[in-house]
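Chemist: this is the structure alone, sequence omitted:
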């Protein structure tokens, strides 16, 4: 059975009773496009084969396999974006050694790409409770229909950044920033960055890792911007996640007029402060409708890295905020 049909089958089976964000993130149209291209592109064929192996005999709560499918899907998203701009190939895996995912040729220069796919905080337990809550919401809606109502409504609240903290604040931008740093740190392997100049590519799908609600994507890669609707400065969460330092004040949109704007101080150094090996971080930000946009952060003065990144996206910035004129 084709990968697209296998995925559609497990999605329909899941959606009959609940919803799984790892599956909801996958765009079947994108998978079908990959299937059409796989005969002419051996790299896409490898990705398809890997996902087919993972989905075989899967059930709706096989979270380990679903995580791997989602991670591989994130790699496919970046591969498709990059293949139209560069010569790109997968790096062969080596026994007992961690390697980056892709090798990129930009002119005569060689770079590497390591892809990460970020998910909800809380691991399998969070996904299980999210599915349980979706099932309860569906049951509520069906009860209303059986009771004679023309429309049944079920309500579910999903909190992807909640870690069972009693002081959890759903309006906090600092929690999002620190989760970005924490997720990267958990997945960081030094040897994946020592084959040459390596960029981290991070897949952020809104079903599984929601960014702060205020501000456009380009506003997320500057140190701060002004939220005109709330009349307050707000920290750019991706810039701060890359270049923030311990003790740096963080600012959020106030919940209401004269509510607090300050969101505490950062408890960890940013990704490109904490880890010198990655030459930059590209974020693929994907909305619920599967529309995606790439933004990037690099260190100031890295000219050859900027040359590469500028071919990937116009939306990039550095630790000196030198691109703010083009972004704001």
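Modeler: The structure has been received and is ready for your questions. The model shown is predicted, which means the values in this text are computed figures rather than measured ones. Numbers count the residues shown, from 1 in each chain.

Chemist: can you find the helix or strand in the protein with the smallest mean pLDDT?
Modeler: helix 123-146 (a mean of 77; mean pLDDT, DSSP states H and E).

Chemist: per-residue confidence for residue 261?
Modeler: The score at residue 261 is 91. That number is its pLDDT.

Chemist: in the stretch 51-200 of the chain, which spans are strands?
Modeler: 87-90, 102-106, 109-117, 198-205 (DSSP state E, counting those that start in this stretch).

Chemist: among these, which comes closest to residue 293?
Modeler: strand 198-205 (10.3 Å; C-beta to C-beta). Every C-beta, even on glycine, is put in place using the N, C-alpha and C of the backbone.

Chemist: so after that closest one, what's the next helix or strand?
Modeler: strand 224-227 (DSSP states H and E).

Chemist: for that following strand, which helices and strands make contact with it?
Modeler: With contacts taken as 3 or more C-beta pairs under 8 Å, 6 or more residues apart in numbering; DSSP states H and E, strand 224-227 sits against strand 232-235.

Chemist: about what we covered before: return the distance of the least confident helix or strand of the chain from the chain's centre.
Modeler: Helix 123-146 has its C-alpha centroid displaced from the chain centroid by 24 Å (C-alpha atoms, centre = their mean, to the nearest Å).

Chemist: what's that helix packed up against?
Modeler: helix 21-24, helix 63-83.

Chemist: buried set for the first one?
Modeler: Read that as helix 21-24. For helix 21-24, a neighbour-count test (16 or more other C-beta atoms under 10 Å) marks 21, 22, 23, 24 as buried.

Chemist: quick one: whichever helix or strand comes after it to helix 63-83, angle?
Modeler: For helix 21-24, the following helix or strand on the C-terminal side (DSSP H and E) is helix 28-37. With axes from the mean of the first three to the mean of the last three C-alpha atoms, to 10 degrees as the basis, helix 28-37 and helix 63-83 are set at 60 degrees to each other.

Chemist: for helix 28-37, give the mean pLDDT please.
Modeler: Helix 28-37 carries an average pLDDT of 95.

Chemist: still on that earlier bit, which one of the strands of the stretch 51-200 of the chain lies nearest to residue 77?
Modeler: strand 198-205 (5.9 Å).

Chemist: how far away from the center of its chain is that closest one?
Modeler: Taking mean C-alpha positions (C-alpha atoms, centre = their mean), strand 198-205 and its chain are 7 Å apart.

Chemist: quick check: which ranges of this protein have low pLDDT?
Modeler: 164-167, 213 (pLDDT under 70).

Chemist: quick one, domains of it?
Modeler: 3-84, 173-327 (automatic domain parsing).

Chemist: closest to residue 160 out of these?
Modeler: domain 173-327 (5.3 Å).

Chemist: got the phi and psi for the closest residue in space to residue 183 that isn't next to it in sequence?
Modeler: Once flanking residues are discounted, residue 183 sits nearest to residue 118: 4.7 Å by C-beta to C-beta, 6 or more residues apart in numbering. As for residue 118, its main-chain torsions (degrees, to the nearest 10) stand at phi -90, psi 140.

Chemist: ok, residue 118 touching residue 203?
Modeler: Yes: under the criterion of C-beta atoms under 8 Å, residue 118 makes contact with residue 203 at 7.0 Å.

Chemist: neighbour count winner among the two?
Modeler: residue 203 (26 against 23; other C-beta atoms under 10 Å).

Chemist: for that one, give me its contacts.
Modeler: 73, 74, 75, 77, 78, 115, 116, 117, 118, 284, 286 (C-beta atoms under 8 Å, 6 or more residues apart in numbering).

Chemist: show me the beta-bridge partners of it.
Modeler: Using DSSP bridges, the beta-bridge partners of residue 203 come out as residue 117, residue 284.

Chemist: excluding its backbone neighbours, what's nearest the residue positioned nearest the centre of the chain?
Modeler: In the chain, the centroid-proximal residue (C-alpha atoms, centre = their mean) is residue 204; its distance is 1.3 Å. Once flanking residues are discounted, residue 204 sits nearest to residue 285: 5.2 Å by C-beta to C-beta, 6+ apart.

Chemist: burial measure for that neighbour, as a count.
Modeler: Residue 285 has 20 nearby residues by other C-beta under 10 Å.

Chemist: same check, this time on the one 4 residues further on
Modeler: Other residues within reach of residue 289, judged by other C-beta under 10 Å, total 8.

Chemist: now it, what's its secondary structure?
Modeler: coil (DSSP: H, G, I helix; E, B strand; the rest coil).

Chemist: could you measure from it over to residue 184?
Modeler: Going from residue 289 to residue 184 by C-beta to C-beta, to the nearest Å gives 26 Å.

Chemist: what about the residue nearest to residue 268 when sequence neighbours are not counted, neighbour count?
Modeler: Spatially, and ignoring its direct neighbours in sequence, residue 268 is nearest to residue 181 (5.0 Å; C-beta to C-beta, 6+ apart). Number of residues near residue 181 (other C-beta under 10 Å) recorded here: 22.

Chemist: same check, this time on the one 4 residues further on
Modeler: With neighbours defined by other C-beta under 10 Å, the count for residue 185 comes to 13.
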